[in-house]
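Undergrad: Please work out how this folds:
(one chain, ligands or ions: 1)
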Amino acid sequence: MAQRIRVFAPATVANLGPGFDVLGLALPRPGDELEAELSDRPGVEIVAVTGDGGVLSTDPDKNVVGCAANDVLKRAGSRRGLRLWLHKQMPLASGLGSSGASSAAGAVAANELLGRPLTPNEVVLSAMEGERAASGSPHADNVAPSVLGGIVLVRSLEPLEVLSLPVPDSLHVVVVHPHCEVSTADARRLVKQAHFPLSAIVANLGSLASFVQALHRGDLALLGRSVDDQLIEPLRAQLIPGFSAVKKVAIKAGALGCSIAGSGPSVFAFTASLASAQDVGAAMQSAFRTSAGLESDLFAGTVSHEGARIV
Ligand code: HSE
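TA: Predicted structure coming up:
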């Protein structure tokens, strides 16, 4: 019988305020799980998908996990194939990097079964093929942290250059996922159509640079001030019912900074302790309920240093 492995790939928060398409971090949970085994039949077969409410295709060209795994086979020049079982354990279209986690799981599982022919950078490139299939453009700010863990900066896509940034010990993250959906493709279209004033671009450049400096210094107050997005957040806030009320209470409850997680509708905040993360999270959940009538899920914890891995 073929050896079967099980890979876990973590959820991620992308953009982190000023870093549209270039900053992302890995969460300890939730995440997707993928079982995978080698097969003598070339190509990828998705045997089953569970936990998706029947929404996702098992056609390997239409499911991100198939696209990512196929790209690993191609890059490795393998004549063998893969059989996959995807277990979705996180909501779709949530802003938590659901397609990124599945893509990362597909690329990492394929690379592991083939004996790790690809470098971590190449694994990220393969995972980006999943993102291309999901949203039409191969951005790396979800798949890179899902593959590598930690907080990452995508300096360049061509050639791909991803930098791992330091994670201060006391940094905590709150993510609140309201029970509504925002399609990443729609949210990206909104951004593509926009024209941005130079003053807003300059403001984001300053905040992005100080975000990186804050992580190097371990300066959480500066980090909080740097979670300031004058480009994308004002456009996408309209897609998230209750966003401005939620952000306001997060800051009032002690968050260092707060913005949209990825393309939303989840909203994230940074805090300096777990107790503060829990207080801020509870306030944000309450604001979603009162201002928009939305129930939500809460994650409060640290950044995960580990990316996708065999479990
Ligand atoms: N950087 C991406 C975006 C993340 O904001 O569109 C969503 O997948």
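Undergrad: in the one helix or strand in the chain whose mean pLDDT sits lowest, what's buried?
TA: In the chain, no helix or strand scores lower on mean pLDDT, DSSP states H and E than helix 184-192, which sits at a mean of 89. Applying a neighbour-count criterion of 16 or more other C-beta atoms under 10 Å, one finds Thr184, Ala187, Arg188 buried in helix 184-192. C-beta: built from backbone N, CA, C; applies to glycine.
Undergrad: Just send those residues back as CSV, with distance to Pro145 too.
TA: Shown next, in CSV, are those (distance: C-beta to C-beta, whole Å):
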residue, distance to Pro145
Thr184, 16
Ala187, 19
Arg188, 19
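Undergrad: Same list, those residues, but only the ones touching the ligand.
TA: Contacts with the ligand within the buried residues of helix 184-192, as defined by C-beta under 6 Å from any ligand atom: Thr184, Ala187, Arg188.
Undergrad: residue contacts, the second one?
TA: Contacts for Ala187 (C-beta atoms under 8 Å, 6 or more residues apart in numbering) come out as Arg236, Leu239, Ser263, Gly264.
Undergrad: And stretch 239-254, what's buried?
TA: Leu239, Ile240, Gly242, Phe243, Ala245, Val246, Lys247, Val249, Ala250, Ala253, Gly254.
Undergrad: returning to what we had before: nearest to Arg79, of the buried residues of helix 184-192?
TA: Taking C-beta to C-beta as the measure, Thr184 is the one of the buried residues of helix 184-192 closest to Arg79, at 33.9 Å.
Undergrad: The closest one against Gly264, yeah?
TA: No: the criterion here is C-beta atoms under 8 Å, and Thr184 misses it with Gly264 at 9.1 Å.
Undergrad: Span of stretch 249-265 from start to end?
TA: With C-alpha to C-alpha, to the nearest Å as the measure, stretch 249-265 spans 17 Å from end to end.
Undergrad: Nearest residue to Ile103 in space, please, no chain neighbours.
TA: For residue 103 the amino acid is Ser, not Ile. Closest residue in space to Ser103, ignoring its immediate chain neighbours: Gly130 at 2.6 Å, by C-beta to C-beta, 6 or more residues apart in numbering.
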